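Peer 1: mind folding the following:
(chains A and B)
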Amino acid sequence: MDFTALVLASFTLLLDPVTLLYVVAGFLIGTVFAAIPGLTATLALALLLPLTYTLDVTTALMACASIYMAGMCGGSITATTINIPGAPSSMMTALEGYPMQQRGQGALALGHASFASMVGGGIGAILLIVLAPFVAKASLLVQTAGKFSLIAFALIVIVIAQRDRIVKSAMAACLGLMLATIGLDTMLPVARFTFGMEGLTAGIDLMPVIIGTFAISELLIQASSIAEHRRLRQELQQSQTIRRRDFLPPLSAIRGIGLWCYLKSSLIGYSVGTLPGAGGSMGSFLAYAEAVRTSKCPERFGKGNPEGIAASESANNAVCGGALVPMLTFGIPGDPITAIVLGVLIINGIQPGPQLMTDQAGLIAPMLASLLFSALVLIPLTLFLIGPYFIRIVSIRKDMLYGAIALLAVVGSYVATYSAYQMGLTLALGILAYFLRHYGYPVVALLLGFILGPNLEEFLRRALALSNGNPLVFITSLDSLFFILLTVFFVYFLAIRKPIQPGAIGESGRIAK
Amino acid sequence: MSTHNSLKGQGASSAFPLLLCSVSIIYLISAMLLDSPISNGRPSASFFPLVVGSVSLALAVTLLVRALSASSEVHQTNNLSRARFRPILVMVATLAYILAFTTLGYFLASVLYVLAIILLFSDFSRLLGKIMIAVSLTLLGYLLFEQIFRVRLPTLWG
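Peer 2: You can find the predicted model right below:
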């Protein structure tokens, strides 16, 4: 069956009440986590990862997709109501949403954000469904040397995407690669870096790395910022009450923004999403900057212009579709969320890569159906049904919240092997991630280094072995040369010739020259 | 006084790169001890770790040099002093929980752990209410893991 038809057929799975419950619950959890400043949908997914052990893989992937989509739009809630983006991807939304809130149009701003998220998320998901099979077919042409250069490209782009801390990012990636080499060698029966500990012979499982990196380290980071929580709670309680009828943006306002703005921003978001390490915040920023650049009235930006919200939110939700392309077709996650989704696949014994879209399309299609369903149905429905209670939900007591997070994280790490050893490993990795974050090292580079490490090593060694140790194989092989040139291109544009930074857009919405 | 603080700040900011340097050196030496990087014209098990270890050491040294040459961050060090202990207490509580988990069982260990985290994230006021919350969260965790997701959790008596 054609892949698009398979995705459409997968919508019938949502008729099963249990599956629908997981998808809706995932979306609500993702929204709440994304809305609370300090928490992220990545954390929600990391905490829920252990539960996927007992879930059917299709249902688990569908729930992951809904959390992902919710994570991108949920951040706009506190970005609009109290000027603190719940997620980094909503940073540009705050520039326009909060001035609207100050004018008493907070609900309308949330309505615009929700509508734009729906459009962007929908376009991103449709593009993914339509284009992914072609990318998967093209990826079959990439051979061993090319695969190494592709993974190296992904890792280098992830590192240089952290523009002002490239050395720290590279160091974090190296730590991830080092962790990935612990245990049995990928090609020979040799145990490496076990230091006499039997538990390390099989290597480090992905689960403690994800929970340690995102849940335990978050708990430790938040432990040092309690005063900030109290201030935030007071601000949330003081914010205005939102009424359901105020959410609907008038058709004239949507016409004023223009279909082209939604479409262009979604395409920008989708394209940015396909790049490793770029993420929702970069997509949102580029689309916002483009909206300012092409606007007839750029002076209106930064003062509560719905066009800015539309650009930012369309783009960051379209990123979801784009980011899943390299993960599904090459097995290369571009951001922490897709890395965790990759973890769900690996835990269930599914190897992502070119064959996934053809041999196991039946497993992937429901996930994409859930992504589209979340964008088109759950985003507007959630806003309409629980929108007025958003503020009450996100002002939940932090001591209770972190008590629950700590319990879920530590017990969750026990689930994989039923051993306290795994829990200890999670804590150790969490402490490492805490210190890395404390000193400004991006832990996403560590996670992606850990995930991509085994394949990077395998393809490097295989390519060299096939060419009798001749390193020129990476240049003489056309696919490899293509990715090397692509790497050089990105290094030049991202690291050498520095583009506009998000910080360059000031309060007024003008781009600093 | 300022010189003392300056040295203290410099020490704190360079301690982490120094640790990374040590880790890289240990990793690199361990990689060297594995075997020759090329065996029979093919890259061996030590080839990739040697590359990663060398790059890692170069990066760690760069970070250490940068940290040593950077101006001291006295202000940041002083501000962090109060908040610094809370994460350490969370680490200790989590370690104690892990050690007690299989011996004390899920319920007792979890109630104590959740209560400890709640207290670390708030204060000792309304203690009874916080104990009730800790018990409720533990019960919810039990329902989620054992009843819904069929994960067998350890108990105090078998």
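
Peer 1: distance check, the residue of the stretch 301-450 of chain A found nearest chain B against B:Arg126.
Peer 2: Here the stretch 301-450 of chain A gets closest to chain B at one residue, A:Asp399, 3.9 Å apart by CB to the nearest CB. Yep, even glycine has a C-beta here, placed from its N, CA and C like the rest. With distances taken as CB to CB, to the nearest Å, A:Asp399 is found 11 Å from B:Arg126.

Peer 1: ok but the residue of the stretch 301-450 of chain A closest to chain B is inside a helix, no?
Peer 2: Yes - when classified by DSSP: H, G, I helix; E, B strand; the rest coil, A:Asp399 is found to be part of a helix.

Peer 1: show me the contacts for it.
Peer 2: Applying CB atoms under 8 Å, 6 or more residues apart in numbering or on different chains, we find A:Asp399 in contact with B:Ile117, B:Ile118, B:Leu119, B:Phe121, B:Ser122, B:Lys130.

Peer 1: out of those, which are inside helices?
Peer 2: B:Ile117, B:Ile118, B:Leu119, B:Phe121, B:Lys130 (DSSP state H).

Peer 1: among the residues you listed, which ones lie close to chain A?
Peer 2: When contact is defined as CB under 8 Å from any CB of the partner chain, these meet chain A at B:Ile117, B:Ile118, B:Leu119, B:Phe121, B:Lys130.

Peer 1: could I get these as a markdown table with neighbour count?
Peer 2: Shown next, in a markdown table, are those (neighbours: other CB atoms under 10 Å in any protein chain shown):
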| residue | neighbour count |
| --- | --- |
| B:Ile117 | 29 |
| B:Ile118 | 26 |
| B:Leu119 | 19 |
| B:Phe121 | 22 |
| B:Lys130 | 20 |
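
Peer 1: could you dump the residues you listed to JSON lines with pLDDT?
Peer 2: What follows is these, written out as JSON lines (pLDDT from 0 to 100):
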{"residue": "B:Ile117", "pLDDT": "95"}
{"residue": "B:Ile118", "pLDDT": "94"}
{"residue": "B:Leu119", "pLDDT": "93"}
{"residue": "B:Phe121", "pLDDT": "89"}
{"residue": "B:Lys130", "pLDDT": "93"}
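
Peer 1: which one of those sits closest to A:Asn305?
Peer 2: A:Asn305 has its nearest neighbour among these in B:Phe121, at 38.3 Å by CB to CB.

Peer 1: the closest one contacts A:Tyr402, correct?
Peer 2: Yes - contact status for B:Phe121 versus A:Tyr402: in contact at 4.9 Å, counting by CB atoms under 8 Å.

Peer 1: find the residues that touch each one of these two.
Peer 2: With CB under 8 Å, 6+ apart as the test, B:Phe121 and A:Tyr402 both reach A:Gln222, A:Ala223.

Peer 1: where does the spatially most central residue of chain B fall, secondary structure wise?
Peer 2: By CA atoms, centre = their mean, the mean C-alpha position of chain B lies nearest to B:Met91, the distance being 7.2 Å. Using DSSP states H and E, B:Met91 sits in helix B:85-104.

Peer 1: buried residues in that helix?
Peer 2: B:Arg86, B:Pro87, B:Val90, B:Met91, B:Ala93, B:Thr94, B:Tyr97, B:Ile98, B:Ala100, B:Phe101, B:Thr102, B:Leu104 (16 or more other CB atoms under 10 Å in any protein chain shown).

Peer 1: flag the shaky bits of chain B, pLDDT-wise.
Peer 2: B:1-12, B:71-83, B:157-158 (pLDDT under 70).

Peer 1: up against chain B, what does the stretch 401-513 of chain A have?
Peer 2: Taking CB under 8 Å from any CB as the contact definition, the stretch 401-513 of chain A meets chain B at A:402-404, A:406-408, A:410-411, A:414-415, A:418, A:420, A:423-424, A:427, A:430-431, A:434-435, A:439, A:456-457, A:460-461, A:464-465, A:468-469.

Peer 1: returning to that earlier point: so what does the helix holding B:Met91 touch, helix or strand wise?
Peer 2: helix A:217-223, helix A:398-415, helix A:420-438, helix B:106-121 (3 or more CB pairs under 8 Å, 6 or more residues apart in numbering or on different chains; DSSP states H and E).

Peer 1: and B:Ala67, how many neighbours?
Peer 2: By other CB atoms under 10 Å in any protein chain shown, the residues close to B:Ala67 number 19.

Peer 1: how close does it get to chain A?
Peer 2: Distance, B:Ala67 to chain A, using CB to the nearest CB, to the nearest Å: 9 Å.

Peer 1: care to break chain B down by domain?
Peer 2: B:2-83, B:85-148 (automatic domain parsing).

Peer 1: how far off centre is the shortest one?
Peer 2: Right, the one you point to is domain B:85-148. Here the centre of domain B:85-148 is set off from its chain's centre by 18 Å, with CA atoms, centre = their mean, to the nearest Å.

Peer 1: and if you look at the longest one?
Peer 2: On the basis of CA atoms, centre = their mean, domain B:2-83 is displaced by 17 Å from the centre of the chain it belongs to.

Peer 1: and what of stretch A:270-282?
Peer 2: Worked out by CA atoms, centre = their mean, stretch A:270-282 lies 9 Å from the chain centre.

Peer 1: how about the CA coordinates for it, as CSV?
Peer 2: Extracted C-alpha coordinates of stretch A:270-282, given in CSV (Å, rounded to 0.1, in the frame of the first residue of the first chain):
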residue,chain,number,x,y,z
TYR,A,270,9.9,22.4,8.2
SER,A,271,13.2,23.0,6.4
VAL,A,272,15.0,24.1,9.6
GLY,A,273,13.6,21.0,11.3
THR,A,274,15.3,18.7,8.9
LEU,A,275,18.7,20.1,10.0
PRO,A,276,20.3,18.5,13.0
GLY,A,277,20.5,20.6,16.1
ALA,A,278,18.5,23.6,14.8
GLY,A,279,15.2,22.9,16.6
GLY,A,280,12.0,24.9,17.1
SER,A,281,13.6,28.0,18.5
MET,A,282,15.7,28.5,15.4
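
Peer 1: thinking again about what came up before, isn't the residue nearest to the centre of chain B right next to A:Leu219, touching?
Peer 2: No - here B:Met91 does not reach A:Leu219: they are 9.5 Å apart, not a contact under CB under 8 Å.

Peer 1: now stretch B:55-63: buried residues?
Peer 2: By neighbour count on 16+ other CB under 10 Å, the buried set for stretch B:55-63 is B:Val55, B:Ser56, B:Leu57, B:Leu59, B:Ala60, B:Leu63.

Peer 1: now do the host helix or strand of A:Pro454 against helix A:420-438, angle only.
Peer 2: Element membership of A:Pro454, judged by DSSP H and E, is helix A:443-466. Orientation check (axes from the mean of the first three to the mean of the last three CA atoms, to 10 degrees): helix A:443-466 against helix A:420-438 gives 110 degrees.

Peer 1: check which helices and strands helix A:443-466 is in contact with.
Peer 2: Helix A:443-466 is packed against helix A:144-160, helix A:166-180, helix A:206-210, helix A:336-347, helix A:420-438, helix A:473-476, strand B:42-43, helix B:47-69, with contacts defined by 3+ CB pairs under 8 Å, 6+ apart.

Peer 1: try it again at 6 Å.
Peer 2: Under the contact criterion of 3 or more CB pairs under 6 Å, 6 or more residues apart in numbering or on different chains; DSSP states H and E, helix A:443-466 touches helix A:144-160, helix A:166-180, helix A:336-347, helix A:420-438, strand B:42-43.

Peer 1: what sits up against that helix?
Peer 2: With CB atoms under 6 Å, 6 or more residues apart in numbering or on different chains as the test, helix A:443-466 has contacts from A:144-145, A:147-148, A:151, A:155, A:158-159, A:169, A:172-173, A:175-177, A:179-180, A:186, A:209, A:213, A:336, A:339, A:433, A:436-437, A:473, B:42-43, B:48.

Peer 1: select the longest helix from chain A.
Peer 2: Ranked by number of residues, the top helix in chain A under DSSP H is helix A:106-139.

Peer 1: for that one, packing partners?
Peer 2: In this structure, helix A:106-139 packs against helix A:3-10, helix A:76-81, helix A:91-102, helix A:259-273, helix A:306-330, helix A:361-373, helix A:379-386, with contacts taken as 3+ CB pairs under 6 Å, 6+ apart.
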